[in-house]
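Chemist: take this sequence and fold it.
(3 chains)
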Amino acid sequence: MTTSPALVEVEEAVPSSAPPTSGRRILTAVTRDKGALACLVFLAIVVLMAVAAPLITNLSGWGPYQFDSAAINSDLGGVPHGSLGGISGSHWFGVEPQNGRDLFARIVYGARVSITISLSATLLTGILGVVLGMLAGFYRGWVDQVISRLMDFLMAFPALIFMIAILSSLPSGNRPVLLVVVISAFGWPYLARVIRGQTMTLANREFVEAARASGAKDSQVVFREILPNLRGSIVVMTTLAIPGYIGTEAGLSFLGVGVSPPTASWGQMISSSVSWYSVDPMFFAIPGLFLFLTVLSLTVLGDKIRTLIDQGEAA
Amino acid sequence: MMRYVLGRLGGVILILLAVCLFTYLIFFKLSPDPAVMICGKTCTPERIDSIRDVLGLNQPLLTQFWDFLSGIFVGRDYGSVHCSAPCLGYSFQTNESVWSMITARLPVSITVAVGAAVLWLLVGVIGGLVSAVKQGTWWDRSAMGLALGGVSVPNYVLALVLQYVLVVKLQLLPFPSAVPFADDPLLWLESYLMPWVVLAVGYACLYARLTRSNVIDTLAENYYRTARAKGLSGALIMRRHALRPALTPITTIFGMDFAGLLGGALITETVFGLNGIGKMAADSIAKNDQPVIMAVTLLAAFFVVIGNVVVDLLYTALDPRVRVVSS
Amino acid sequence: MSGELFVVDNLTVTLPTSRGPVDVVKNVSFTVGRDETVGIVGESGSGKSMTALAVLGLLPRGARTSGSVRLDGAELLGRSDRDLRSVRGNAISMVFQDPLSSLNPYYTVGLQIEEMYRTHRGGTRRAARRVAIEALERVHIPDAARRVDHYPHQFSGGMRQRVMIAMALCCSPSLLIADEPTTALDVTVQAQILELLGELQSTTGTGMMFITHDLAVISSIAQRVLVMQAGDPVEYGTAEQVFSDPRHEYTRMLLDAVPRIDDEVLS
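Modeler: Down below sits the predicted model:
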């Protein structure tokens, strides 16, 4: 049959010229969606704050650890002067009650902690999850048995209680590193489980068998044939993991086992605002809002990227 | 079938043993010496030594671990203190057996978990259903947008916002406390309302999104088209050929989420000061009361592992495709 | 021809797509008489399945139709969903291409037949169950009294399609629409299903609209043939006419693509 009649696509047509899952296609689609674009802009601001924290606080005039006793009313137990938690020209987001530390500076430095910890944890979980998941799915047999049992074990663990317990009993040492290690140790099985299943399916596909038949070594098969095909899932799983890790870090700091004071972290700021929330709601609202918006932006973007990748794979 | 269940139970026991050993190693090796902690400020080396002896801390690690395990089944003695049968340890800080501490607080945690679960199932599943049926409409878009927002609010932030608005500003609700139902049903309801909502919001939003996408996938199934081609009534099509297939996978997820909560909703209980397992865990961590931390970890792992098995069994009952073919 | 059982007259189906409305079926007309089988042939995307779905009002959301579809003189197009329910499965029933995905995996085949029978005929569950067993026996499913309680995944592909046919015929419809009923099956099973359809038709007198892309299948079962290409009806006539003297180039091309009987024997 040489000529085929024009087919009428009934399903929603995806532009046929677009390559399945290219980064550029996703970026274009994201910038075309107003909501997603707003999220992207907000995240860019947060990342900028994290990267340029010292510069920014130089501009704003107050550092994160500087006390400003003039901004608080010591007669009223240290409540900030002014109605909105001490928001003024010199303290853009107001000040902490009792010691008058600048909230803007602490938010900016807190962004540093949140971003560093969540990105490091994502990277570490990503590496652990992909490597162990692929090992289990590719070699099967006892390797799979060992890794799968380990995953079962970690997923049965009450991770939050255990993280808190471990963090509280370990010497404080380098808190951020500890947080990353602990979060990743309990986080990787969720990625590895997906990677394992997909590797198993991929390992049976024709192109992998063809590569093997042509004498490719295991490492070549894994890196050239299987890994590129897992790219979509890895991107989706990791983007959706970042907001989770930001939340976990903030939660652990909120419970007092995260980064130790005076280092600022959004969770730890919310935690210290608990005893003040009825008299100084701004102290709570500002870090709460930043935490919420950051997690929301990442979730929206992750969701968008997943939809786009699914569509790309369906096309 | 019997072999399958027995096999699973074997797996459960192995995992629990592993959790036990791991927790034991971490807490008893890494953390500060419990004997010193118990001894307090007025302490002599002799006293520490005798406390060590009573706790069995002078024994080799495996013996200690064995004592702990056998205590669960036959009880054990710490010097003059007797800790009877399900002995998960003894807290020298509260002078109570850990088991009785747990049983005293479990009802609060169960109340929190059950109430929240009912709430999030109702809101999440119904919301997701309506969204799926009205796919693409104004309602669907706003509900799903709201759901993304709800997933993103950390529950302690939500807890504080609600508390500020409802308790401090509007004074609509009392500050939450673990009031027994029998004492004052209305106060009980008012007290638990906020914890339920706070715990339920995140799950409800997740379940709404999940339900929506499951239902939409099911409506695209060939068997749904068959059901319509058969001329069945709308209600029958909905119930048998849309809801049953779409909601069955959700039972699995629900089982796991619910089991996870039975071991205590740590953050919610702590924020609202509800004296459940979660708050007990947080308090014990703050006081470094190791036997309690250990027991709570084990209890939570126990619920998760058992939940896993129950879900698997339930799934074989609900989905004929995974049912073991007997003949 | 007012005595015809089923008449499709100038049917046009328009679907909304991202590139604007598209006519997927254009001015299609044909008739099916009692006891007669009309084959509708075309490649995927030629609009033949859309024609079938339009008859039962099962088109995707947003689809528009024009023309006329009459069963025993009664107009079907433009009737409400609720109104069409009494027609679907009762006067006109349908067998789909993939029997596994077309049966609900959560219910026994018995229940899936019973629910349809009781919707249209009422009666007790026990009576409906007897009907289901009889229906399964009629399509030669061995041990029907036991198999009635099995789930779709416990049947082989051919047996599943027999179940679908049993279900489609349990309310004695006057028209059966078979949409590629043999495409997903092995060649030997295909032949058995075709034989079964022929046998059932001769005992019940049901008219049949048989949709396929496979001319070999059509030639063995249909009395009349409609050839479709990209939504257009390109040829319509008796099977003999179409096969011995194809007027349209497209039909000739389709015929050339069919392996000859001797080819099949040799391979």
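Chemist: C-alpha from now on. contacts and neighbour counts both.
Modeler: Will do.
Chemist: number of nearby residues for residue A:205?
Modeler: As a burial measure, residue A:205 scores 12 neighbours (other CA atoms under 10 Å in any protein chain shown).
Chemist: distance of it from chain B?
Modeler: 25 Å (CA to the nearest CA, to the nearest Å).
Chemist: phi, psi of residue C:141?
Modeler: phi -90, psi 120 (degrees, to the nearest 10).
Chemist: grab the nearest non-local neighbour of it.
Modeler: Nearest non-adjacent residue to residue C:141, counting by CA to CA, 6 or more residues apart in numbering or on different chains: residue C:159, 7.0 Å away.
Chemist: residue B:115 now?
Modeler: Per CA to CA, 6+ apart, closest to residue B:115 is residue B:196, 5.8 Å.
Chemist: let me know whether that neighbour touches residue B:110 as I believe.
Modeler: No: Residue B:196 sits out of contact with residue B:110 when judged by CA atoms under 8 Å, with a separation of 11.2 Å.
Chemist: which one of the two has more residues nearby?
Modeler: A direct count of neighbours by other CA under 10 Å for residue B:196 and residue B:110 places residue B:196 higher, at 22 against 19.
Chemist: can I take it that residue B:87 is in a strand?
Modeler: No: applying DSSP: H, G, I helix; E, B strand; the rest coil, one finds residue B:87 to be coil, outside a strand.
Chemist: residues in contact with it?
Modeler: B:71, B:72, B:73, B:74, B:75, B:76, B:97, B:98, B:99 (CA atoms under 8 Å, 6 or more residues apart in numbering or on different chains).
Chemist: quick check: it vs residue B:279, distance?
Modeler: 21 Å (CA to CA, to the nearest Å).
Chemist: and if you look at residue A:185?
Modeler: 24 Å.
Chemist: more neighbours: these two, which one.
Modeler: Ranked by neighbour count (other CA under 10 Å), residue A:185 and residue B:279 place residue B:279 first, with 23 against 18.
Chemist: and the stretch 101-250 of chain A, which of its residues are near chain B?
Modeler: Applying CA under 8 Å from any CA of the partner chain, we find that the stretch 101-250 of chain A lies next to chain B at A:153, A:156-158, A:161-162, A:164-166, A:168-170, A:243, A:247.
Chemist: list just the nearest of those to chain C.
Modeler: Nearest to chain C among those is residue A:156, at 29.6 Å by CA to the nearest CA.
Chemist: confirm for me that that closest one is in contact with residue B:306.
Modeler: No: the pair residue A:156 / residue B:306 is not scored as a contact, 9.6 Å apart, by CA under 8 Å.
Chemist: looking at these two, which one has more neighbours?
Modeler: residue A:156 (24 against 21).
Chemist: so what's that one up against?
Modeler: Residue A:156 neighbours (CA under 8 Å, 6+ apart): B:15, B:301, B:304, B:305.
Chemist: adding secondary structure, distance to residue A:197 and pLDDT, write those out as TSV.
Modeler: Below are these laid out as TSV (DSSP: H, G, I helix; E, B strand; the rest coil; distance: CA to CA, whole Å; pLDDT from 0 to 100):
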residue	secondary structure	distance to residue A:197	pLDDT
B:15	helix	22	82
B:301	helix	25	84
B:304	helix	23	85
B:305	helix	22	84
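Chemist: the stretch 1-150 of chain C: helices as residue ranges?
Modeler: Along the stretch 1-150 of chain C, counting by DSSP state H, counting those that start in this stretch, helices occupy C:48-56, C:81-85, C:99-102, C:109-121, C:125-138, C:144-147.
Chemist: make TSV from these and add mean pLDDT to it.
Modeler: What follows is the helices of the stretch 1-150 of chain C, written out as TSV (pLDDT from 0 to 100):
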stretch	mean pLDDT
helix C:48-56	89
helix C:81-85	88
helix C:99-102	88
helix C:109-121	93
helix C:125-138	92
helix C:144-147	92
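Chemist: which bits of the stretch 101-250 of chain C sit near chain A?
Modeler: For the stretch 101-250 of chain C, the contact set with chain A under CA under 8 Å from any CA comprises C:229, C:230.
Chemist: count of residues packed around the closest residue to chain A within the stretch 101-250 of chain C?
Modeler: Using CA to the nearest CA, the single residue of the stretch 101-250 of chain C nearest to chain A is residue C:230, 6.4 Å away. Neighbour count for residue C:230, taken as other CA under 10 Å: 22.
Chemist: against residue B:308, how distant is it?
Modeler: 52 Å.
Chemist: repeat that for residue B:83.
Modeler: Taking CA to CA, one finds residue B:83 at 30 Å from residue B:308.
Chemist: skip the chain neighbours and tell me the closest residue to residue C:255.
Modeler: Residue C:255 sits nearest to residue C:215 (CA to CA, 6+ apart), 7.0 Å away.
Chemist: now the residue most central in space within chain C, what's its secondary structure?
Modeler: Centroid check for chain C by CA atoms, centre = their mean gives residue C:178 as the closest residue, at 1.5 Å. Put simply, residue C:178 is strand when judged by three-state DSSP.
Chemist: pLDDT score assigned to it?
Modeler: For residue C:178, the pLDDT comes out at 91.
Chemist: what is the least confident helix or strand in chain A?
Modeler: Ranked by mean pLDDT, DSSP states H and E, the weakest helix or strand in chain A is strand A:72-73, scoring a mean of 72.
Chemist: tell me the SS of residue B:82?
Modeler: Once three-state DSSP is applied, residue B:82 turns out strand.
Chemist: that one: what's it in contact with?
Modeler: B:75, B:76.
Chemist: next one: the residue of chain C found nearest chain A from residue A:91, what distance?
Modeler: With CA to the nearest CA as the measure, residue C:45 is the residue of chain C nearest to chain A, at 5.3 Å. As for residue C:45, its distance to residue A:91 is 66 Å (criterion: CA to CA).
Chemist: could you list the low-confidence segments of the stretch 201-315 of chain A?
Modeler: Applying pLDDT under 70 to the stretch 201-315 of chain A flags residues A:313-315.
Chemist: an error on my part: the question was meant for chain C.
Modeler: Ranges of chain C meeting pLDDT under 70: C:1-3, C:258-267.
Chemist: hmm, residue C:170 is touching residue C:117, no?
Modeler: Yes: judged on CA under 8 Å, residue C:170 makes contact with residue C:117 at a distance of 6.7 Å.
Chemist: any shared contact partners between those two?
Modeler: Joint contacts of residue C:170 and residue C:117 (CA under 8 Å, 6+ apart) are residue C:131.
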